[in-house]
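Peer 1: using only what follows, build the 3D model:
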Amino acid sequence: MTIFIKYLNIFSLITYSLIMLMGQMIPIPFILWLSFTVFDFGNIDQLFAFLGLVGMILNLVKCKYDIPFSLLSLALMIIAVASRLMYVSSEALNYPAFTIPFFTFIITQALLIILKIRTKVLKHKI
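Peer 2: From the prediction side, this is the model:
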């Protein structure tokens, strides 16, 4: 079960990184937007990009409090996407390169949290 959780976590981070944001001419992967915006000083997007990267790092950290860290990580990563969504029109979000990875990320993160809760409950019963 823990190997499945590990691979599901990696898959979730890959789908988060491959969310495509539509630019002027071509779409860019969300991980590139996060990486470049962190160094764009004097911009409010810098804070949200930093929070998104912190969320990705928290997703990889192993600790005693796995479930709260997973929930915090999910919240930080969604905040980063939501901040970007406030600046674009809804037509710019209605394309498969955004919707498929985004909803796959949401579903895999929810499944990951449910599996972590289930494994914790099973450990306490034994």
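
Peer 1: this protein: strands as residue ranges?
Peer 2: Assignment of strands within the chain using DSSP state E yields the ranges 20-22, 27-29.

Peer 1: quick one, which of the ones you listed is packed in tightest?
Peer 2: Per residue and on average, the most neighbours among these fall to strand 20-22, with a mean of 18 (mean count of other CB atoms under 10 Å). Quick note: C-beta positions are derived from backbone N, CA and C, even for glycine.

Peer 1: please list the outside residues in contact with that one.
Peer 2: 27-30, 33, 84, 88, 92-93, 95, 97-98, 101 (CB atoms under 8 Å, 6 or more residues apart in numbering).

Peer 1: adjacent strands (with direction) for it?
Peer 2: Strand 20-22 pairs in its sheet with strand 27-29 (antiparallel), by DSSP bridges.

Peer 1: wait, which of the strands of the chain is closest to residue 12?
Peer 2: Among the strands of the chain, strand 27-29 comes nearest to residue 12, with 15.2 Å by CB to CB.

Peer 1: gap between the closest one and the chain center?
Peer 2: Distance of strand 27-29 from its chain centroid, counting by CA atoms, centre = their mean, to the nearest Å, is 15 Å.

Peer 1: picking up where we left off before, can you say which of the strands of the chain is nearest to residue 13?
Peer 2: Proximity to residue 13, assessed across the strands of the chain by CB to CB, is greatest for strand 27-29 (12.4 Å).

Peer 1: and for the spatially most central residue of the chain, nearest residue in space, chain neighbours not counted?
Peer 2: The centroid of the chain falls nearest to residue 77 when counting by CA atoms, centre = their mean (4.2 Å). Among residues not flanking residue 77 along the chain, residue 55 sits closest, at 3.9 Å (CB to CB, 6 or more residues apart in numbering).

Peer 1: many thanks, have a good one.
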